[in-house]
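*Asks:* got a predicted structure plus its sequence, pasted below:
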Amino acid sequence: MRYGLRLRPRDADANNDIQPIAESGGDVFHQIDITTDARTAIDYEAMTGFGEIASIAPEWDRLLERSRCNRATSCSKWYLATPRLLPELRPLVLVARRGAQIAGLLPLWLDDHRKDAGFPDDFSDHLDIIAPDEDPEVVIGLLNFAIRRSGEYVRLVLPHLKPDSNCVKGARALGLFKEESFSPARSLSYAVLDLSAGYDAYMKTLGRKFRLNLNRVRHKAQREGLVVRELKPESFDPGQIPELFLSLHGSRFGAGTSLQSVSDSPEDWIHHLFPSLFTEGRMRVFAVLYEDRIAGIDLTMVGRSGMYAWNGGFLPDLKPFDPGKLLIRQAIEESCREGLTEYDLGWFGQEYKAHWKPAIRQIGELRFDTSS
């Protein structure tokens, strides 16, 4: 049996009482009236089984292409692979439908120990309500549905949100947004490069000393035969990406890296997920080739308007060539060539990111007590 919420346009005679409605087949919906644009009524339901969630994967990913959400971390495959990384969590996907068509999704996870529902804390930055920009009533309705649900959790916790996220827009519309959630004291600073003016204009914003150093590193690499380029699934076997990444990441950082901050064994998750992300263009891979081998790698997750730097690594003998700079510069150049407008370096906690002259974006967290 499914339980859901039905929202319809408010009319002059409507009231705000929640009313149960029995549907054929034993489904039970609760109907409330909320101000919308008077389009078709929206049905809301909760999915908690992996089988039923997997069954909507094609619709999920088609809807994702019409949304502002990250094409990798918000895709169906990333969600369905999460138990390989965080097996203690239980799935909860809230679905908005207009008729038979999925109009929006809020992919959550249940943490029974904390009695929370929400987004995972790590490995999945910038998660959000998946819905088209032109459909704010679905965004508002999904967030409202999540907050009104009771019994399975007592708090809804949504970390790592952008200020312009759908979750924030929904909270503002419901009158539940708190400005302090994005204050410097309660949020994280992320480093985001503004590429909207193009490659040449962006490079001119960098400090003169840093630009000279970057040019010296590039020329040195070229003299020594290093090649920096993007790997493509048409010419590079996607099945090799996981082991290549894990090997180079281990060479660069050794044991106990950020990959182990959430799971002691993230390898299964990486082997299962990354080939598909690479094949589908949701994850892009930049590499340094040296002496006929791939000696450095940088993984980026694709967003609607740019790329998000995820992780990488390189062999020790590549260190004199400053491969991190080479890989970031290559990703920036490719982004500008494609008309992308930003490159997100992530948390502004490493000193080197300041040299790239980023804008600082505060990433906040929303918490709501539920109706239980």
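*Replies:* Thanks, I have the structure now. Keep in mind the model is a prediction, meaning the values are calculated, not measured.
*Asks:* quick one: the strands in the stretch 251-372 of the chain?
*Replies:* Using DSSP state E, counting those that start in this stretch, the strands of the stretch 251-372 of the chain run over 283-290, 293-302, 306-314, 342-347, 359-369.
*Asks:* would JSON lines of the ones you listed with mean pLDDT be doable?
*Replies:* As requested, those are exported to JSON lines (pLDDT from 0 to 100):
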{"stretch": "strand 283-290", "mean pLDDT": "97"}
{"stretch": "strand 293-302", "mean pLDDT": "97"}
{"stretch": "strand 306-314", "mean pLDDT": "96"}
{"stretch": "strand 342-347", "mean pLDDT": "96"}
{"stretch": "strand 359-369", "mean pLDDT": "95"}
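*Asks:* by mean pLDDT, which helix or strand of the chain comes out lowest?
*Replies:* Here the helix or strand of the chain ranked lowest by mean pLDDT, DSSP states H and E is strand 19-22, holding a mean of 38.
*Asks:* R62 belongs to a strand, doesn't it?
*Replies:* No. Under DSSP: H, G, I helix; E, B strand; the rest coil, R62 sits outside any strand and is assigned helix.
*Asks:* for it, what are its contacts?
*Replies:* Residues counted as contacts of R62 (C-beta atoms under 8 Å, 6 or more residues apart in numbering): none. Just so you know, the C-beta spots here come from the backbone N, C-alpha and C atoms, and that holds for glycine as well.
*Asks:* now the one 5 residues further on
*Replies:* Neighbour list for S67: 74, 128, 130-133, 166, 304 [criterion: C-beta under 8 Å, 6+ apart].
*Asks:* and G170, helix, strand or coil?
*Replies:* Quick answer, by three-state DSSP: G170 is helix.
*Asks:* what's the span of stretch 333-347 from first residue to last?
*Replies:* Distance between the two ends of stretch 333-347: 21 Å, counting by C-alpha to C-alpha, to the nearest Å.
*Asks:* same question for stretch 44-61.
*Replies:* End-to-end for stretch 44-61, by C-alpha to C-alpha: 19 Å.
*Asks:* do the same with stretch 105-117
*Replies:* 15 Å.
*Asks:* what residues does it touch?
*Replies:* 60, 63, 74, 79, 82, 86, 88-96, 118-120, 127, 129-131, 142-143, 145-146, 149, 152-157, 370.
*Asks:* for the buried ones among those residues, write the corresponding PyMOL selection.
*Replies:* Of the contacts of stretch 105-117, the buried ones go into a single PyMOL selection, burial set by 16 or more other C-beta atoms under 10 Å:
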select buried, resi 60+63+74+79+82+86+89+91+92+93+94+95+96+118+119+120+127+129+130+131+142+143+145+146+149+152+153+155+156+157+370
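*Asks:* quick check, A197 in a strand?
*Replies:* No. Counting by three-state DSSP, A197 falls outside a strand, being coil.
*Asks:* could you check how far it is from A131?
*Replies:* Distance of A197 to A131, computed by C-beta to C-beta, to the nearest Å: 30 Å.
*Asks:* please apply the same query to S165.
*Replies:* 11 Å.
*Asks:* just P163 next, same as before
*Replies:* 17 Å.
*Asks:* got it, and M283?
*Replies:* Distance from M283 to A131, by C-beta to C-beta: 23 Å.
*Asks:* for L226, give me its contacts.
*Replies:* Here L226 is in contact with 288-290, 318, 321, 326 (C-beta under 8 Å, 6+ apart).
*Asks:* with adjacent residues omitted, what lies nearest to the most centrally placed residue in the chain?
*Replies:* The chain has T73 as the residue nearest its centroid, 3.7 Å off, counting by C-alpha atoms, centre = their mean. Distance criterion C-beta to C-beta, 6 or more residues apart in numbering; nearest residue to T73, sequence neighbours excluded, is S124 at 4.9 Å.
*Asks:* what about the one you found, which SS state?
*Replies:* Per three-state DSSP, S124 ends up coil.
*Asks:* surely it and W78 touch.
*Replies:* Yes. S124 is in contact with W78 according to C-beta atoms under 8 Å; the separation is 7.1 Å.
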